[in-house]
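In: Sequence and predicted model, in that order:
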Amino acid sequence: MKQIKIDPITRLEGHGKIDIFLNDDGEVANTYFQIPELRGFEQFCVGRPVEEMPRITTRICGVCPEAHHMAAAKACDAVFHVELPPTGKKLRELLYNVFFAGDHTTHFYALGGPDFVVGPDAPAAERNILGVVKKVGLEVGGKVIEMRKRTQEVIKTLGGKQTHQVTSLPGGVSKGITEEERKIIEEHCKWFVDFGKFTIKVFNDIVLANKAYVDLILSDTFSSKIYSMGLVDNNNKVNFYDGKVRVVDPDGKEFVKYSPNEYLENIAEHVESWTYLKYPFLKKVGWKGFTEGKDSGIYRATPLSRLNAADGMPTPAAQEEYDRMYKTLGGKPVHATLATHWARIIELLSAAEMALNLSRDPEITDINIRTIPTATPTEGVGIVEAPRGTLTHHYTTDERGILTKVNLIVGTTNNYAPISMSINKAARGLIKKGVEITEGALNKIEMAFRAYDPCFGCATHYMPGKMPLEIKIYDSSNNLIDLVIRRP
Amino acid sequence: MPKPKLALYWAASCGGCEIAVLDIQEKILDVANAFDIVFWPVALDFKYADIRAMEDKSIDICLFNGSIRNSENEELAHLMRAKSKVLVAFGSCAYEGCIPALANLTTKEEILKWVYKDSPSTVVTNGGVYPQTHTKMPEGEIEIPEMYEVVKSLDQVVAVEYYIPGCPPQPKQIWAVIEYILSGQPLPPVGSVLGAGDKTCCDECPREKKEKKLKNFYRPYEIITDPNLCLLDQGIVCMGPATRSGCEALCPKANMACRGCYGPPPDCLDQGAKMVSALGSVIDAQETGELEKIFDQIADPIGTFYRFSLAHSILRRKQP
Amino acid sequence: MTFEPKIIGFLCNWCSYSGADLAGVSRIKSAPNLRIIRTMCSGRVDPTFIIKSFQLGADGVFVMGCHLGDCHYAEGNYKTLRRIPLLKRLIKDFGIDPKRLRLEWVSASEGDKFAELVNEMTEEMRKLGPLNLKIQ
Ligand code: SF4
Ligand code: SF4
Ligand code: SF4
Ligand code: FES
């Protein structure tokens, strides 16, 4: 038996690590994707005042603190049974959509996108943002940096800090915006919409115009037929901030649509002794191990699954793209993991359009931004879509609003099982008896999980380069017999 | 002259500190020009083995973010210490434990029990076995690091030359430190806090302060505060007086109280003790019953006064 | 062997320290467990000193000052009056029995009271046992 270690690959809650075991024939016997760290937020938040949660749980992730800030704020609203004034809600949504547009941008251009834009078989040294710039033109590098700068500026205005926002609290937000601020934000949002359209064009010209890429997207190595999850509004359109969670089965039929406070009837988590992360699954289907299909409770919560789970996009330009994607890829639902990149930029455009609408909303500068809660705090669940998946915060408090129980199901966690399966499938497809393990093969294994944008991948932002990948091959007595390193 | 060698590392970190470094925007290119970046796992491809192979003290400066939560974090702390001339605890986690160190108010057993057994979504499998450092699978043995009983700051496991506070440190302050280093001026005395002021958050806060005579405290959601007056004067527990300046009072400017992420002010060993002193001076009551009633209105003193600095406080943890 | 608690006493120079002195001069018997640190005023006892005492091995901390109204710095002991109960709450949150911290007013003429309080506190600490603080 040989053992291959990929360490470290990327960061979720800790540095991810993959062990691949080969049997004596040199074929993949099994793969283990491990998460080596646990910080215990759910336990140490007990005893804290619930209204502090939007400021505490941001520290779960410095890449998407906005998502925790919002899920926590919504759970707080529920705990206090309080309705927000329309402007309070709209200000949160504005911040959140701007964040979504920014976050998806960095993933697409710096992390996942280069595989396509530059090409999966291009030399590794070019599969990065610099390669994208070379291929698409100098202008794009500047635009990506500007996009990040502008989104950060809006987030700081609305959230108080650009990383680890502070303005949401039970019943609304602490700070409104003036007409001057609104005007500036509107200008930014116009720019975001243009940028979204520009990104779609880049994708069209470079990826879709190339049949080889489309074939790669549709190839079996990168597909898994599982359930899709996503938040939808009253019209079953994609919504990032609010709504019900809808799950469609592998054939695209609605399986369930649940409100936040029904999540425990629908989601459960499986434990393994060799990793600190749990595996969420659909409770009503059950945990059947790492297998695909209708009988397995494994689901995906990604940009692609959100589009699969919804009937469409809430904004016109994004809707057009939505229709085109499904037409091109042979109808709904799409199970091709790599199509996640396409779905991501459709969401980017939609988030930008949503933000623009909100920035023009006549109510957005209203000064009534917060309702003071009067009911006794009890229990509540808040759900938002994080860029990396449905995010659930569930709090129970005593009558003073001091936390007695906290349960969290974090974005990327939803995808732990599908990512593990995608890695397994890619490894089996690419590591064969007698065939040398090449850097190309490694990159394709990496592509399988990079499509999910596992948290922290996006921290590379516009830095040239990508995650290092190191595969060590050991013989059965644990001697290192081969070392393959993928450099950026 | 060869460029100075720079390394960045994260231990138990949320990633926000790394983002803050990238948020110096275009200036990141100046950093890349001025330094030879030898290790930065989040952004560039270097392996632990590359570092191990280096001579001791061959890295000029290492910015280390994240706290020490498990055996892997500690191992890397020792490695970076050995290879670096100057080791900097970067950000609240490395400096003083930060929010994740509130875990020191509970125990490892309680955390594991909740996460892998009692949480309402967890399905107990294999009789409720917790994650193990070594697990034998049919194909062979696989390992994960050992989680520690308490969260530690970087200087509790290795010697540290400097500290940069903040959760995260503000990009402006990060750039100020880098500029200073690049200027070639002599480095400040070992043990200094860099990238921050030497006053308190209140000194940077634009809100108007009056002589405080507090009879009531309110939770932040209970009242709408006046945007021009000191929050503490209005009865909101604000950590400003017990917090080092440096962020330019970002939170009070957004109508939210400071929670202390820049750590204790100069010459203060314990942020919580400092806050007790500060509150002792502003409360207006003399009679025990009345005092106790006022204190009852302060929700969660330990989790508020030590929100960021528990691991580095004098007592460090709740007694098990 | 009986456990002999270590108690740190922060005594204000003007009243309580003189009270302790009086107890000594008058040969009033009191437990030898109190290690006295003289401060100019009880208001000068920074909460950090108290926490630090526990960290350095004290099983109890006793703060004594002038009676309210008698402080030589007018307001000093009012600050103490407000700080100590808040600090007691804090050390309780740290899992330390709040009885391990005590505040009393003792004047220069109250040698008897001083001795009695020290004996009481010593007995109380003996009952509670050693603190054995864990910081790792
Ligand atoms: S100090 Fe704050 S921003 Fe930095 S790693 Fe820790 S939690 Fe994240
Ligand atoms: S207590 Fe808070 S609000 Fe008041 S001056 Fe200080 S930082 Fe500003
Ligand atoms: S105001 Fe306080 S909590 Fe907010 S950023 Fe500044 S130091 Fe940190
Ligand atoms: S002088 Fe004795 S308490 Fe102030």
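Out: Arrived safely, thanks for sending. Ligands and ions are numbered 1, 2, ... in the order given.
In: Could you use CA atoms for every contact and neighbour count after this?
Out: OK.
In: just checking, B:Lys209 touches B:Asn228?
Out: No: the criterion here is Cα atoms under 8 Å, and B:Lys209 misses it with B:Asn228 at 9.2 Å.
In: Helices of chain C, start to end?
Out: C:16-25, C:47-55, C:76-93, C:111-128 (DSSP state H).
In: which secondary structure elements does the first one contact?
Out: Spelled out, it's helix C:16-25. helix C:111-128 (3 or more Cα pairs under 8 Å, 6 or more residues apart in numbering or on different chains; DSSP states H and E).
In: same thing with the second one?
Out: Contacting helix C:47-55 under the criterion 3+ Cα pairs under 8 Å, 6+ apart are the following elements: helix B:271-282, strand C:60-65, helix C:76-93.
In: Could you list the residues in contact with stretch C:80-99?
Out: B:105, B:273, B:276-277, B:279-281, B:283, B:285-286, B:291-292, B:295, B:301-302, B:315, B:317-320, C:42-43, C:45, C:47, C:60, C:101-103, C:131 (Cα atoms under 8 Å, 6 or more residues apart in numbering or on different chains).
In: can you tell if it touches ligand 4?
Out: No: against ligand 4, stretch C:80-99 shows no contacts by Cα under 6 Å from any ligand atom, the least distance being 7.9 Å.
In: tell me the mean pLDDT for that stretch?
Out: Mean pLDDT, stretch C:80-99: 96.
In: So for it, what gets flagged as buried?
Out: Using 16 or more other Cα atoms under 10 Å in any protein chain shown as the test for burial, stretch C:80-99 gives C:80-94, C:96, C:98-99.
In: ditto for stretch B:49-61
Out: Of the residues in stretch B:49-61, those buried (16+ other Cα under 10 Å) are B:51, B:59-61.
In: How far off centre is that stretch?
Out: Computed by Cα atoms, centre = their mean, to the nearest Å, the separation of stretch B:49-61 from the middle of its chain amounts to 26 Å.
In: got a list of contacts for that stretch?
Out: B:4-7, B:38-39, B:79, B:82-88.
In: Could you check how far the closest residue to A:Val271 other than its chain neighbours is from A:Val245?
Out: Counting by Cα to Cα, 6 or more residues apart in numbering or on different chains, A:Val271 lies nearest to A:Lys278, which is 5.1 Å off, once chain neighbours are set aside. A:Lys278 sits 20 Å away from A:Val245, taking Cα to Cα, to the nearest Å as the criterion.
In: ditto for A:Arg59
Out: Taken as Cα to Cα, the span from A:Arg59 to A:Val245 is 25 Å.
In: go on, A:Gly26?
Out: 43 Å.
In: Looking at those two, which is more packed in?
Out: Shown here are A:Gly26 and A:Val245; by other Cα atoms under 10 Å in any protein chain shown, A:Val245 has more neighbours (26 against 15).
In: thinking again about what came up before, possible to save the helices of chain C as a markdown table with distance to B:Glu222?
Out: Output for those, formatted as a markdown table (distance: least, Cα to Cα, whole Å):
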| stretch | distance to B:Glu222 |
| --- | --- |
| helix C:16-25 | 43 |
| helix C:47-55 | 30 |
| helix C:76-93 | 22 |
| helix C:111-128 | 40 |
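In: Surely A:Ile18 forms part of a strand?
Out: Yes: assessed by DSSP: H, G, I helix; E, B strand; the rest coil, A:Ile18 belongs to a strand.
In: Residues in a beta bridge with it, which ones?
Out: A:Ile6, A:Phe33 (DSSP bridges).
In: middle-most residue in the chain, spatially?
Out: Let's take chain A. Note on chain A: the residue nearest the mean C-alpha position is A:Arg388, at 1.1 Å, using Cα atoms, centre = their mean.
In: That one and A:Thr412 touch, don't they?
Out: Yes: under the criterion of Cα under 8 Å, A:Arg388 makes contact with A:Thr412 at 5.3 Å.
In: While we're on A:Val202, how confident is the model there?
Out: 87.
In: Please apply the same query to A:Ala427.
Out: pLDDT, A:Ala427: 81.
In: Repeat that for B:Ala53.
Out: 87.
In: what does B:Ala43 give?
Out: 61.
In: Repeat that for A:Cys458.
Out: So A:Cys458 comes in at 31 (pLDDT).
In: just B:Asn126 next, same as before
Out: 71.
In: could you measure it against B:Asp226, distance?
Out: To B:Asp226, B:Asn126 is 56 Å away according to Cα to Cα.
In: now swap in A:Tyr227 and tell me
Out: Relative to B:Asp226, and taking Cα to Cα, A:Tyr227 is found at 50 Å.
In: Which one's more surrounded, these two?
Out: Set A:Tyr227 next to B:Asp226 and count neighbours by other Cα under 10 Å: A:Tyr227 wins out with 31 against 11.
In: now the residue with the largest distance to the centre of chain B: how far from A:Ala29?
Out: Distance to the chain centre peaks in chain B at B:Pro138, reaching 41.3 Å (criterion: Cα atoms, centre = their mean). Separation of B:Pro138 from A:Ala29 (Cα to Cα): 10 Å.
In: check contacts around B:Val177.
Out: B:194-195 are the contacts of B:Val177 under Cα under 8 Å, 6+ apart.
In: State whether it is indeed within a helix.
Out: Yes: according to three-state DSSP, B:Val177 belongs to a helix.
In: Residue of the stretch 51-200 of chain B nearest chain A, please.
Out: B:Pro131 (3.9 Å; Cα to the nearest Cα).
In: Quick one: name the residues of the stretch 101-250 of chain B near chain C.
Out: B:105, B:149-150 (Cα under 8 Å from any Cα of the partner chain).
In: Backbone torsions only: list them for the residue nearest to A:Gly159 when sequence neighbours are not counted.
Out: In space, and not counting its chain neighbours, A:Gly159 is closest to A:Gln165: 4.7 Å by Cα to Cα, 6+ apart. In terms of degrees, to the nearest 10, the main-chain angles of A:Gln165 are phi -60, psi 160.
In: wait, isn't A:Gln165 in contact with A:Thr57?
Out: No: look at A:Gln165 against A:Thr57 with Cα under 8 Å: they stay out of range, at 10.3 Å.
In: Pick out whichever of these two has more residues nearby.
Out: Legend: neighbour count by other Cα under 10 Å for A:Gln165 and A:Thr57, higher for A:Thr57 (26 against 23).
In: now that one: how far from ligand 3?
Out: A:Thr57 sits 14 Å away from ligand 3, going by Cα to the nearest ligand atom, to the nearest Å.
In: If we ignore the residues flanking it in sequence, what's nearest that residue?
Out: In space, A:Thr57 is closest to A:His68, 5.8 Å off (Cα to Cα, 6+ apart).
In: Low-confidence bits of chain A, can you list those?
Out: Residue ranges of chain A with pLDDT under 70: A:1-16, A:110-116, A:118-133, A:434-435, A:437-440, A:442-443, A:446, A:450, A:453-488.
In: Contact partners for B:Pro265?
Out: With Cα under 8 Å, 6+ apart, B:Pro265 has these contacts: B:198-200, B:242-245, B:271.
In: Those in helices, which ones?
Out: B:Gln271.
In: Next up, the contacts around A:Lys225.
Out: A:250, A:292-293, A:335 are the contacts of A:Lys225 under Cα under 8 Å, 6+ apart.
In: Just the buried subset of the residues you listed, please.
Out: In those, the ones that pass as buried (16+ other Cα under 10 Å) are A:250, A:292, A:335.
In: and of those residues, the nearest to chain B?
Out: Distances from chain B to those, taken as Cα to the nearest Cα, are shortest for A:Glu292 (20.0 Å).
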